[in-house]
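Chemist: Quick one: sequence and predicted model below, then my questions.
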Amino acid sequence: MREKKYLIYVIVLAVLVLLNLPPLAEWRLKAFSRDNLVPFHNMVSTLSVKWHAFVSFIRNPGRPAEEKRKLIEEVGILRERVRNLEAAERENKELKKQLGFASTSKRRMILCEVVARDEISGWWQMITLNKGLIDGIEEGKAVITLEGVIGKTMQVARRTSDVLLVTDPNCRVACKFSRTGAFGIVRGCGMPITKAASLEMLYAPSPCRMDYISREDEIWGHDEVVTSGLGGVFPEGLLVGYVKKVDIDPSGLYQRADVIPAAELGKLRYVFVVLQ
Amino acid sequence: MNLIIMICFLIGGAVIQTVVPSSAFLGGAKLPVLLSFVLYYALTRSVVTTMIAGFLAGFLQDVLSQIPLGHSVFCFCIAGWLAGYFRSMVLADSIFTTLIFGGIANAIVTVFFFLMLVQEDLIKYTYGLITLKIFGALLLGMITTPIIFHLAGRVDRLVGNVELEHSLDDVE
């Protein structure tokens, strides 16, 4: 019995130590534990993907063959486009050279796989990626998909990175409308994005909102919202989403707009981290 | 054996809690699988076992989330200790007890987390959203805890953890 009571004191002491750890030691302990959980995360992620593929195959056995045919067709079209673009790029470079323009640097991006969707505590809208510090990812980098911006990197361990999604209230993105050039700040409204399409039949939560839009600017529904490049995290011109609804904010000084993210946040599998 | 089973329960619970998506209707509240395991140990085992379960479950949640280290550990240990304190007054193996304990414990832990995280300026929640989340936590706690009790009890009996049968005699 004495040994058992001794154990309680040890646990209480351990809790106190954890609560009072210096930030650096805390982060090292977290990063170490997360890195060791990566194989486990990967296994669960792979199983989940295989299961979805299996269910999809059972529901529609002819679909993979049809998808393959479509993909082959699409690859052919894209190859043709690439050839045309290469020719245009060569011509562009030649013209720039003749005019004495400095060449614009391309964005350096790294492809990552999503190993965990949703965060365990439910307080943040996050995903976890399978790459981290050793792959060159740092905190505060933009994360995008082919459709548009999805968020920015938060805590980066050696082999994993946490991404704060644009739907989280803590995520703020400096944006502008591509049609008018009017500026504003997009913030998340804290509602998780689920795959269930039926959700919107009963209640349509607003995933993001754009604030501080000047009252003089005329904003329309379906207007395209892109990053302005002013915040320092997101490069200019990345697609964020489309306007769903516009109204005047309670202060009456600005307009605000509900924004639907362009990227499908509920179906993320591969994403790009913009390194430069 | 008891500790190995507990670790398996908690790691599996952490995976389920992470993988199962949250719902917008419930304010993004997650299935409280880890807390349910702590309550399971609180109502069927000794204080020491409960504290170990609380510590491990909290540590897993802290490590896999943005919550500062130690906050979940503290909350889960207190929740487990309180549930264990009240277990002599209730029928620990009744589904009604697990339902009530699960719902109330999860709602209280959610409020506690909210206060701690807001105080440290780590989250920005509107009052409407936090009310929805607390309601979601109450509901999910009431659903998850009886299921976890049933499953964990069956696994414990399957692997021969006989402490379960004698646990109520071990009240300190």
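Modeler: Right, received. Where do you want to start? Numbers count the residues shown, from 1 in each chain, chains lettered A, B, ... in the order given.
Chemist: Tell me where the model's unsure across chain B.
Modeler: B:1, B:92, B:162-172 (pLDDT under 70).
Chemist: what's around A:Phe57, how many residues?
Modeler: 12 (other C-beta atoms under 10 Å in any protein chain shown). For every residue, glycine as well, the C-beta is placed using N, CA and C.
Chemist: separation between B:Leu26 and B:Gly103?
Modeler: As judged by C-beta to C-beta, to the nearest Å, B:Leu26 and B:Gly103 stand 13 Å apart.
Chemist: what residues do those two have in common as contacts?
Modeler: Counting by C-beta atoms under 8 Å, 6 or more residues apart in numbering or on different chains, the common neighbours of B:Leu26 and B:Gly103 are B:Leu139.
Chemist: Quick one: the helices in chain B, in order.
Modeler: Along chain B, the stretches classed as helices by DSSP state H are B:2-19, B:33-44, B:47-64, B:71-86, B:95-119, B:127-158, B:163-166.
Chemist: Including mean neighbour count and distance to A:Asp249, could those go into a markdown table?
Modeler: A markdown table is the format used below for the helices of chain B (neighbours: other C-beta atoms under 10 Å in any protein chain shown; distance: least, C-beta to C-beta, whole Å):
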| stretch | mean neighbour count | distance to A:Asp249 |
| --- | --- | --- |
| helix B:2-19 | 18 | 36 |
| helix B:33-44 | 28 | 38 |
| helix B:47-64 | 25 | 37 |
| helix B:71-86 | 22 | 34 |
| helix B:95-119 | 19 | 23 |
| helix B:127-158 | 19 | 17 |
| helix B:163-166 | 13 | 58 |
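Chemist: Turn those helices into TSV, including distance to A:Gly148.
Modeler: Formatted as TSV, the helices of chain B follow (distance: least, C-beta to C-beta, whole Å):
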stretch	distance to A:Gly148
helix B:2-19	25
helix B:33-44	33
helix B:47-64	27
helix B:71-86	33
helix B:95-119	29
helix B:127-158	25
helix B:163-166	52
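Chemist: With distance to chain A added, can I get those helices in JSON lines?
Modeler: Shown next, in JSON lines, are these (distance: least, C-beta to the nearest C-beta, whole Å):
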{"stretch": "helix B:2-19", "distance to chain A": "5"}
{"stretch": "helix B:33-44", "distance to chain A": "8"}
{"stretch": "helix B:47-64", "distance to chain A": "4"}
{"stretch": "helix B:71-86", "distance to chain A": "5"}
{"stretch": "helix B:95-119", "distance to chain A": "6"}
{"stretch": "helix B:127-158", "distance to chain A": "5"}
{"stretch": "helix B:163-166", "distance to chain A": "13"}
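Chemist: between those helices, which one is nearest to A:Ser161?
Modeler: helix B:47-64 (13.6 Å; C-beta to C-beta).
Chemist: got the angle for the closest one vs helix B:33-44?
Modeler: Relative orientation of helix B:47-64 and helix B:33-44, computed by axes from the mean of the first three to the mean of the last three C-alpha atoms, to 10 degrees: 180 degrees.
Chemist: Mind giving me the packing neighbours of helix B:47-64?
Modeler: On a contact count with 3 or more C-beta pairs under 8 Å, 6 or more residues apart in numbering or on different chains; DSSP states H and E, helix B:47-64 meets helix A:2-19, helix A:23-59, helix B:2-19, helix B:33-44, helix B:71-86.
Chemist: and the angle for the last one with helix B:33-44?
Modeler: Right, the one you point to is helix B:71-86. Using the same axes, to 10 degrees: helix B:71-86 against helix B:33-44 is 30 degrees.
Chemist: Who are the contact partners of A:Val149?
Modeler: Counting by C-beta under 8 Å, 6+ apart, A:Val149 has contacts A:142-143, A:166, A:173, A:227, A:234, A:238-240, A:261-263.
Chemist: mind checking pLDDT for it?
Modeler: On pLDDT, A:Val149 comes in at 91.
Chemist: For it, grab phi and psi.
Modeler: phi -70, psi 140 (degrees, to the nearest 10).
Chemist: could you measure it against A:Ala174, distance?
Modeler: A:Val149 is 11 Å from A:Ala174, by C-beta to C-beta.
Chemist: what residues are shared contacts of those two?
Modeler: With C-beta under 8 Å, 6+ apart, A:Val149 and A:Ala174 have common neighbours A:227, A:234.
Chemist: A:Tyr242 against A:Asp223, yeah?
Modeler: Yes: using C-beta atoms under 8 Å, A:Tyr242 is in contact with A:Asp223, at 6.9 Å.
Chemist: The two: which is more packed in?
Modeler: A:Asp223 (21 against 17).
Chemist: For the more buried one, give me its contacts.
Modeler: Contacts of A:Asp223 (C-beta under 8 Å, 6+ apart): A:177-180, A:242-243, A:257.
Chemist: So which of those belong to strands?
Modeler: A:177, A:242-243, A:257 (DSSP state E).
Chemist: most surrounded residue in the residues you listed?
Modeler: A:Ala257 (28 neighbours).
Chemist: before we move on, back to that, export the helices and strands packed on helix B:47-64 to CSV and tack on distance to A:Arg159?
Modeler: Output for the helices and strands packed on helix B:47-64, formatted as CSV (distance: least, C-beta to C-beta, whole Å):
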stretch, distance to A:Arg159
helix A:2-19, 23
helix A:23-59, 5
helix B:2-19, 17
helix B:33-44, 24
helix B:71-86, 23
